[in-house]
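Peer 1: I'd like to go over a predicted model; first the sequence, then the structure.
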Amino acid sequence: MVQGTSSWAGKSLLATVLCRHFARQGMSVAPFKAQNMSNNARVVAGGEIGTAQYLQALAARATPDVRMNPVLVKPETDRTSQVIIRGVADPAISAMPWRARPTHLWAAIEDSLRSLSAAFELVVIEGAGSPAEINLRDTDLANMRVARLADAPVIIVADIERGGALAHLYGTWALLDAQDRQRVRGFVLNRFRGELALLDPAPRQLQELTGVPTLGVVPLLAHGLPDEDGAAAPRPLAHGRRVAIVRYPTASNLDEFKRLEEVAAVVWAVRPADLDDAELIILPGSKHVSRDLAWLRAAGLEAPLRAHVGAGRRLLGICGGLQMLGVNVTDRSGRDADAEGLGLLAVRSELAPTKRLAARTQARFATLSGPWSALSGLTVAGYEIRHGHTSAHDPVQVALPNDLGWFRGPVLGCYLHGLLESPEILHATLGAAPTQSLDETIDRLTDGVMAALDERRLEALISPS
């Protein structure tokens, strides 16, 4: 099991690498995270799981499965969230206070982990946040309670770039119960840059204090995989066309734009100046379309969006972003509210109580004119995850069949997530495509991380005692 001193420490990255490393050795491997909190999800057979576990399954060369992330919590406001249990939203548990939920969630977690353990030779488990949040210990479903259930050795990873990483490791270890400390079998320092010799003698002193060895110091790597929340600062790109992605408060599925960073200069847009000189602006998915529309207007982004379109530059709306582009949004679900859209496409959307999920939808672009003409006739495959349906209001040009997309001049809206993960679509849109496949990216990441780890000690952790 991989746990961390904090969120963003590198748990997902290390778990992904271990999945690929042991899969390369011919083992059947599955990832597992008991409870994930993220608005980034992928659709698999049976429903939704967190994007991190989806990618870890691909790294393990396994079919992504709802058992791999039995509880997914999707934040909606500071105090509310939607709870997905084994792929399906549960309104009753979603309405419960946080501390009332664990007793209703543990059975799904336990059953899923036992099932995976029976089906695979190795399960690589990822924790959540930190196991040392002593105020949440009684409700923590994703860290040491899972380690005890699985009887798993634990590696704790810290982000050394933040500073104070050695104290974070020691403090995390010290705050654990004595029985849980015995499970901690290794520390990993992540995102190191500089002269490695400067760390001496800290790893040895840390081991003297805790009895836990440091298994490696992983360098800062531009790995090309999305972060768990898909909203880390885009890596700088000195060349390429400028693309602005509007990041409203409940923007979702931002992980689908990670490959875009390889061919374009990407910026998260939260104020009007962020839209300056953008060749392409994207309105991504949204957990609350009406609320995010209101934020967009309050942030002063509507006028520059209209000016952008008026100048003939491209605007792309995906899923919730498509709904924003229309004339209006009518809420029949009780989850959001009615709202006036931007009116840039002659379509209307109606939000429904039930969620549409489709793991793979394939469609072919119609003949498009103007700035989007390079997409004409191309086939795209993506996934669908939404509350609602959109239909044409007045005569409008169809971009994708079956009410999946429309366009008007430089404005294009579609329901398919994953559009800009396709090298062919990226090339048609921006004139360039990534040079490596996702699988090659995972291999390169694994090579880089494993070179920094003590492979012998790692493999000893999974050997029968």
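Peer 2: Looks like it arrived, so ask away.
Peer 1: and stretch 42-49, average pLDDT?
Peer 2: Here stretch 42-49 scores 95 as its mean pLDDT.
Peer 1: show me the helices in the stretch 251-400 of the chain, by range?
Peer 2: 289-298, 302-310, 320-325 (DSSP state H, counting those that start in this stretch).
Peer 1: need those in CSV with mean neighbour count, mean pLDDT and distance to Arg456, can you?
Peer 2: Using the backbone N, CA and C atoms, a C-beta is placed for each residue, glycine as well. Output for these, formatted as CSV (neighbours: other CB atoms under 10 Å; pLDDT from 0 to 100; distance: least, CB to CB, whole Å):
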stretch, mean neighbour count, mean pLDDT, distance to Arg456
helix 289-298, 20, 96, 50
helix 302-310, 16, 98, 56
helix 320-325, 29, 98, 48
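Peer 1: any chance of TSV for the ones you listed, columns distance to Thr63?
Peer 2: Below are the helices of the stretch 251-400 of the chain laid out as TSV (distance: least, CB to CB, whole Å):
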stretch	distance to Thr63
helix 289-298	32
helix 302-310	40
helix 320-325	28
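Peer 1: between those helices, which one is closest to Glu126.
Peer 2: helix 320-325 (27.6 Å; CB to CB).
Peer 1: what sits up against that closest one?
Peer 2: Residues from elsewhere that reach helix 320-325, judged by CB atoms under 8 Å, 6 or more residues apart in numbering: 246, 252, 282-287, 289, 292-293, 296, 315, 317, 329, 341-342, 344-345, 347, 349, 386, 388, 390, 405, 411, 413-415.
Peer 1: centre of the chain versus that helix, how much separation?
Peer 2: Taking CA atoms, centre = their mean, to the nearest Å, the mean C-alpha location of helix 320-325 is offset from the chain mean by 20 Å.
Peer 1: before we move on, what about stretch 161-174?
Peer 2: 25 Å.
Peer 1: average pLDDT for it, rounded please.
Peer 2: On average, the pLDDT along stretch 161-174 is 95.
Peer 1: same question, stretch 139-157
Peer 2: 97.
Peer 1: what sits against the closest residue to Trp406 other than its chain neighbours?
Peer 2: Closest residue in space to Trp406, ignoring its immediate chain neighbours: Val396 at 5.0 Å, by CB to CB, 6 or more residues apart in numbering. For Val396, the contact set (CB under 8 Å, 6+ apart) comprises 345-347, 406, 408.
Peer 1: circling back to that earlier point, among the helices of the stretch 251-400 of the chain, which is nearest Ala92?
Peer 2: Minimum separation from Ala92 across the helices of the stretch 251-400 of the chain (CB to CB) falls at helix 289-298, 22.8 Å.
Peer 1: using PDB, write out every CA atom in that closest one.
Peer 2: This file holds the C-alpha atoms of helix 289-298, laid out as PDB (Å, rounded to 0.1, in the frame of the first residue of the first chain):
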ATOM      1  CA  VAL A 289     -23.800  24.200 -15.000                       C
ATOM      2  CA  SER A 290     -26.100  27.000 -13.700                       C
ATOM      3  CA  ARG A 291     -23.800  27.800 -10.800                       C
ATOM      4  CA  ASP A 292     -20.700  27.800 -13.000                       C
ATOM      5  CA  LEU A 293     -22.400  30.000 -15.600                       C
ATOM      6  CA  ALA A 294     -23.200  32.500 -12.900                       C
ATOM      7  CA  TRP A 295     -19.500  32.400 -11.800                       C
ATOM      8  CA  LEU A 296     -18.400  32.900 -15.400                       C
ATOM      9  CA  ARG A 297     -20.500  36.000 -15.700                       C
ATOM     10  CA  ALA A 298     -19.500  37.400 -12.300                       C
END
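Peer 1: the helices of the stretch 251-400 of the chain: which one's closest to Pro31?
Peer 2: helix 320-325 (27.8 Å).
Peer 1: hang on, Gly186 in a strand?
Peer 2: Yes. Looking at Gly186 with DSSP: H, G, I helix; E, B strand; the rest coil, it is inside a strand.
Peer 1: what sits against it?
Peer 2: So Gly186 contacts 153, 155-156, 212-215, 457-458, 461 (CB under 8 Å, 6+ apart).
Peer 1: rerun at 7 Å
Peer 2: 155, 212-213, 215, 457 (CB atoms under 7 Å, 6 or more residues apart in numbering).
Peer 1: and Ser112, by the same measure?
Peer 2: Going by CB under 7 Å, 6+ apart, Ser112 touches 67, 70, 86.
Peer 1: let's see which of these end up in strands.
Peer 2: Among those, no residue falls in strands (DSSP state E).
Peer 1: buried among these? Make that a PyMOL selection.
Peer 2: Entered in PyMOL, the line below selects the buried ones among the contacts of Ser112, by 16 or more other CB atoms under 10 Å:
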select buried, resi 67+70+86
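Peer 1: low-confidence ranges, the stretch 201-350 of the chain, go.
Peer 2: By pLDDT under 70, the low-scoring segments of the stretch 201-350 of the chain are 228-233, 235-239.
Peer 1: all strands of it, in order?
Peer 2: 214-219, 241-246, 251-252, 264-269, 280-283, 285-286, 314-318, 328-331, 339-340, 347-351 (DSSP state E, counting those that start in this stretch).
Peer 1: any idea which of the ones you listed is most buried?
Peer 2: Counting by mean count of other CB atoms under 10 Å, strand 285-286 has the highest mean neighbour count of those, with a mean of 28.
Peer 1: and that strand, what does it pack against?
Peer 2: Under the contact definition 3 or more CB pairs under 7 Å, 6 or more residues apart in numbering; DSSP states H and E, strand 285-286 sits against strand 251-252, helix 320-325.
Peer 1: contacts for the shortest one, please.
Peer 2: With contacts defined as CB under 7 Å, 6+ apart, strand 251-252 is touched by 39-40, 284-287.
Peer 1: now with 10 Å, please.
Peer 2: Applying CB atoms under 10 Å, 6 or more residues apart in numbering, the set of residues contacting strand 251-252 from outside is 38-41, 74-75, 230-231, 245, 268, 283-288, 292, 295, 318-321, 385-386, 417.
Peer 1: strands paired with it, and their directions?
Peer 2: Strand 251-252 has its sheet partners listed here by DSSP bridges as strand 285-286 (antiparallel).
Peer 1: mind showing which ranges of the stretch 1-150 of the chain have poor pLDDT?
Peer 2: Checking the stretch 1-150 of the chain against pLDDT under 70 turns up nothing.
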